[in-house]
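A.B. asks: coords please:
(4 chains)
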There are 2 protein chains.
Amino acid sequence: MSTTHTIISQIFRDIVLSQNESRMIEDKMERIELKKGSSLLQAQDTVFHQYYVDHGCLRTYFIDSAGKEHTIQFAINDWWISDYTAFFNTGKAIMNIETIQDTTFYKISRSNMDALLLAIPQLETFFRKKMEGAFASFQKRILASLSQTAKERYLSFITTYPNIEQSVKNYHIASFLGITTESLSRIRKEIAQNSVS
Amino acid sequence: MSTTHTIISQIFRDIVLSQNESRMIEDKMERIELKKGSSLLQAQDTVFHQYYVDHGCLRTYFIDSAGKEHTIQFAINDWWISDYTAFFNTGKAIMNIETIQDTTFYKISRSNMDALLLAIPQLETFFRKKMEGAFASFQKRILASLSQTAKERYLSFITTYPNIEQSVKNYHIASFLGITTESLSRIRKEIAQNSVS
DNA sequence: CGCGACGTTGATTTGCCTCAACGATTGTGG
DNA sequence: CCACAATCGTTGAGGCAAATCAACGTCGCG
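C.D. replies: Below is the predicted model:
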């Protein structure tokens, strides 16, 4: 059993695949290793791929009209990531994707994915579930941004991503939470002080 | 051709359905008319249905820990709406759904939908596309909340929903934008003044 | 070692909220 | 159909959370 074969059964462990099906998928995905700070996708590019992170960390971010970066998603171990809005229509990206650590990931193109979906119908369910999960987490973020203070959002962030803080820069977290680095720094200070007393 | 039959071909006009298929769908959907201010779903309810609006207006909102309402989505003509996070898992709602005008809509249960998806595979694509559209609009909202001021969000709101303003109360719009009614009022005043000068 | 990137802290400003009062509009019963 | 109440929208004063601007530590790396 090859290493790649092993990773395929790991990625799709929710469904049962024959050896043949596994090999088909393996053929359509490409393994890539990149150093920290590499760009995978830039706004205006046509989005052909989605990515599965084996280890390391990717993030999607977008740059607003004032030139500020906003992090939309971090992807660590076992997460899928892309600019999905563009990926679904094979349209132009509005987001950027980059590695923020040395990262090993697998990529699959929209056309290869469509072929696999036809050949292996169970994958339809697999990707639909991933989609529903992503949808739910987006909704959760909207609720959070409407109803929570920056401090509350930070606390729930470190609960959701308990180990991410060592991996990512302060300003990445700040841009995910929708605040400045200065504000994040003050929030951390406040939390540290409260937990001492 | 019955009225209901007509509406079915209207709802699913993106795909081609045989008369038989149309009738199958018709059997699984229920037409409902409700007066303004009626509740369709409350938080904690198990979510069994999604809804297609024929005419009128529905909204989903959630109530945060401080008791404040936040509008997540308006649904007018030809929109689908539900608490999708819960609908997908047949789980408990965190949102509420109500009519904010006299509304005619159709509802379909998860189990009936699953049956239809099996019987009419094209529907899989139809609903996936709807899903992708909803996903994109959620993403757009996250971007907006991260990068735009209340005034900018209001301006893009009235562009996106040009005719909704007559139908919905000020405080519904405010709760959608994540601001207070007072702030919305001031924003409107400011815009009116600028357009005069 | 020294430079650049990153994080922290302080002073000030700003956008929006809160609280309060007051018009405007809508709906309802007599 | 009018009168009155309830609901909704507007305006003002004051406050607060977070942004901005600026300066200064700190850490890692060539």
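A.B. asks: Just confirm yes or no for the helix ranked longest in chain A near DNA strand D.
C.D. replies: Taking DSSP state H as the criterion, chain A has its longest helix at helix A:122-147. No - looking at helix A:122-147 against DNA strand D by C-beta under 7 Å from any atom of the strand, there are no contacts, and the closest approach is 10.7 Å. (Glycine included, C-beta is placed from N, CA and C.)
A.B. asks: Going by neighbour count, which residues in that helix are buried?
C.D. replies: A:123-124, A:126-127, A:131-132, A:134-136, A:138-139, A:141-147 (16 or more other C-beta atoms under 10 Å in any protein chain shown).
A.B. asks: I figured residue A:99 hits residue A:32, correct?
C.D. replies: No - Residue A:99 lies out of contact with residue A:32 (C-beta atoms under 8 Å); the separation is 9.8 Å.
A.B. asks: okay, residue A:113: pLDDT?
C.D. replies: Looking at residue A:113, its pLDDT stands at 96.
A.B. asks: buried sites along whichever strand or helix holds it?
C.D. replies: Element membership for residue A:113, per DSSP states H and E: helix A:110-119. Across helix A:110-119, burial judged by 16+ other C-beta under 10 Å covers A:110, A:112-113, A:116.
A.B. asks: Identify the bridge partners of the nearest residue to residue A:107 once chain neighbours are set aside.
C.D. replies: Closest residue to residue A:107 in three dimensions, ignoring its sequence neighbours and counting by C-beta to C-beta, 6 or more residues apart in numbering or on different chains: residue A:49, at 4.5 Å. Beta-bridge pairing for residue A:49 (DSSP bridges): residue A:109.
A.B. asks: Now do whichever helix or strand comes after the longest helix of chain A: distance to the chain's middle.
C.D. replies: As assigned by DSSP H and E, the chain's next helix or strand after helix A:122-147 is helix A:150-160. Distance of helix A:150-160 from the chain centroid (C-alpha atoms, centre = their mean, to the nearest Å) equals 18 Å.
A.B. asks: what's the answer for stretch A:173-183, then?
C.D. replies: Worked out by C-alpha atoms, centre = their mean, stretch A:173-183 lies 18 Å from the chain centre.
A.B. asks: Write out the residues of chain A neighbouring DNA strand C.
C.D. replies: A:169-171, A:181-182, A:184-186, A:188-189.
A.B. asks: can the residues you listed go into a markdown table with extra columns for pLDDT?
C.D. replies: Putting those into a markdown table (pLDDT from 0 to 100) gives the following:
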| residue | pLDDT |
| --- | --- |
| A:169 | 94 |
| A:170 | 94 |
| A:171 | 94 |
| A:181 | 97 |
| A:182 | 97 |
| A:184 | 97 |
| A:185 | 97 |
| A:186 | 97 |
| A:188 | 95 |
| A:189 | 95 |
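A.B. asks: Take those residues and keep only those in strands.
C.D. replies: Judged by DSSP state E, strands contain none of those.
A.B. asks: What about those, which one has the most neighbours?
C.D. replies: residue A:184 (20 neighbours; other C-beta atoms under 10 Å in any protein chain shown).
A.B. asks: ok, that residue - contacts?
C.D. replies: A:150, A:154, A:170, A:173-174, A:177 (C-beta atoms under 8 Å, 6 or more residues apart in numbering or on different chains).
A.B. asks: Contact partners for the residue positioned nearest the centre of chain A?
C.D. replies: For chain A, residue A:75 is the residue whose C-alpha lies nearest the centre (C-alpha atoms, centre = their mean; 3.2 Å). With contacts defined as C-beta under 8 Å, 6+ apart, residue A:75 is in contact with A:51, A:53, A:57-60, A:81.
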